[in-house]
Every structure is written in C-alpha cells, then in structure tokens.
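Asker: predicted structure and sequence below. I'll ask about it afterward.
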Amino acid sequence: MSSDTILTVDNLTMRFGGLTAVDSLSFTATRGEITALIGPNGAGKTTVFNCITGFYKPTEGRIALAHGSAAAFDRLEDLTDSPEQFSRNGSDALFLLERMQDHDVSGKAHVARTFQNIRLFGGMTVLENLMVAQHLPLMKASGYSIFGLLGLPGYRKAENEAIDKARYWLEHINLVDRADEPAAGLPYGDQRRLEIARAMCSDPVLLCLDEPAAGLNARESHDLNDILTFIRREHGTSLLLIEHDMSVVMEISDHVVVLDYGKKISDGTPDYVRNDPKVIAAYLGVDDEEIDDVEAEVSK
C-alpha cells in the first residue's frame, strides 16, 4: 500500500440481475491527486461512483477510504473481519464505504459528489445553496434545538464561519456579484462551478465529479480546469472524476483508470493510457482479435 493512498477499490462487482455492470474492478487513488475514470458509454463508470458514494450496495468487493495517514490501512483486514463500518485511531480513520449509507458516506467519511445532471436547488439563491451544504455543522452548533433561534454565541460563531466559507467559494468561482440571485437563473457553466463549490463547502477529503465538463464550451472547460487544479493545489483534496472530454482528462489528471464493459483495461498515467492499444481499440470499437493490429499501428 502506497504511503499516499487515500482510496482502495478491491474486486468491486455490481450485478443487476443477469447483467454485470462492474466486474472485479480494483484500483487505488492517491491523496491530493486527480484520478480520472474513463471509458466508452456503458462501461460502468457511473455505477462505480454510485457504489463509492453509497447509492448502490455492491454485489461483491471492498471500498476503503482513509483519513489522516495511510497507516490507517494497517487496520484494513481487522476492520474487514469485524461488523463495523469504520475505525478511528487518533487523527487516523478508516472507512468501509460499501457498508455505509449514502448520508454517512457524505457526513462521516466526508466524500462529496456532483452529478452528470446538475442538482442545484434552483429556487434558492446562490448563497443559500452554499449555506445548505453546511447544514450539519450548523445543526450541531444549534444543539439540534432552538439555540439558533435564540442567537446564542456558539451558533452565531458557526453561522459566521459558514458565511465566510460560502463567500470564499463565491470569490473563487466569480459569483460574488450574483450571490442573491436564484441559482436556476445562472448560465450553465456557472451552475456547474456552483455545484462544485457547494460540494467543497462540506469539506470533503474525496470529491467525486460525474462528467463535470459535460455541456461546457471551450472557455467554460478552461475555467473548470482552473477550479479543479486550485482545489487540488490549495486544499489538498483528492479528486475522482468521470469525464468524456479527453482534453480535460489529459490536461489535469495525474492517474487514469479505463473501463470497458465493466472491466478495467488500463491503469496508469495519462500518457501511458493515451498510447495503450487496448484503450484505443475500445474507443474505436474494434474486436479483441483486432487489438494486435492496433498495437502494430501505434508502434509504427
């Protein structure tokens, strides 16, 4: 296990009746890096995301996430053999995500997610969308009672911190001037960036992005690249993304995993994957027996 590993996916399998959507998938993600999960339509990418984020319970396999140092993985086998969902040791914690409900994956394991179809609260303002992402610490500060209504100091402090965090992200997605406007009235590209900012307001250790560049023009894709690299560089957040826009994948990713029909066919750096004959063949739609021909063509 690498000292920088934050996520391990081991032999993940997801079946829907007689259909195997994901077949014995294993890969790791490194702390503070951008890992891209790519593949042709129907390859099983979103199913993997749904398993990691608790929307699906996998048929088989293990999904482990570490907080703190990778030494947390030293307890992986003991945790697997126990009925527990997670274990803590000081600042280190280890979570078995396949055992957790989606709200616990978000609230306890601090895994945030965006969706291919934008899911903002359109009737709320831009600012309110960022505040609602911080409802857990605000509810805790309220004592889950009327402390907030009474304006007690502890709640006021938490509320001011939430507003400061929201303002910080509004500045970084260039939406300060539109903070009081309904989110539904924003241009599409701004909505994409707002959804990412909302996810970051929950302080995730792992941010999962499902096709964040879908529907964006060239300028908006450039802005997206800037915000994702900023998140990685300044916040040390690990990113896992599904993306069809290869210009985005190859420009910002540190690590690329390629799926085809639910199976992993390549795993490595962007340059390695770009030149892998199996990947080229999958995207061209050629049969397995033609891969040798593709490899010969690539090596010319």
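Answerer: Sure thing, it's come through.
Asker: is it fair to say residue 48 lies in a helix?
Answerer: Yes. Residue 48 sits within a helix when classified using DSSP: H, G, I helix; E, B strand; the rest coil.
Asker: ranges for the strands of this structure?
Answerer: Along the chain, counting by DSSP state E, strands occupy 5-16, 19-30, 34-38, 60-67, 86-89, 92-96, 111-114, 206-210, 238-242, 255-260, 263-268.
Asker: so which other helices or strands are in contact with the third one?
Answerer: When you say that, I think you mean strand 34-38. Secondary-structure packing of strand 34-38 (3 or more Cβ pairs under 8 Å, 6 or more residues apart in numbering; DSSP states H and E): helix 45-52, helix 218-235, strand 238-242, helix 246-252, strand 255-260. From N, CA and C alone the C-beta is placed, and that goes for glycine too.
Asker: can you list contacts of the shortest one?
Answerer: When contacts are defined by Cβ atoms under 8 Å, 6 or more residues apart in numbering, strand 238-242 is touched by residues 6-7, 29-38, 45-46, 49, 52, 116, 205-212, 228, 231-232, 249, 253.
Asker: average pLDDT across that strand?
Answerer: For strand 238-242, mean pLDDT rounds to 96.
Asker: low-confidence ranges, the stretch 51-200 of the chain, go.
Answerer: Along the stretch 51-200 of the chain, the parts satisfying pLDDT under 70 run over 136-155, 158.
Asker: nope, the stretch 201-300 of the chain is what I was after
Answerer: Residues of the stretch 201-300 of the chain meeting the criterion pLDDT under 70: 284-300.
Asker: residue nearest the centroid of the chain?
Answerer: Nearest to the mean C-alpha position of the chain, by Cα atoms, centre = their mean, lies residue 208 at 0.9 Å.
Asker: does it touch residue 50 like I think?
Answerer: No. Residue 208 lies out of contact with residue 50 (Cβ atoms under 8 Å); the separation is 9.8 Å.
Asker: rewinding a little: ok, what's across the strand from the residue nearest to the centre of the chain?
Answerer: For residue 208, the beta-bridge partners are residue 113, residue 240 (DSSP bridges).
Asker: next: residue 25.
Answerer: residue 12.
Asker: number of residues surrounding it?
Answerer: The tally of other residues near residue 25 (other Cβ atoms under 10 Å) stands at 23.
Asker: please apply the same query to residue 68.
Answerer: The burial count for residue 68: 15, using other Cβ under 10 Å.
Asker: check contacts around it.
Answerer: 90, 91, 92, 93 are the contacts of residue 68 under Cβ under 8 Å, 6+ apart.
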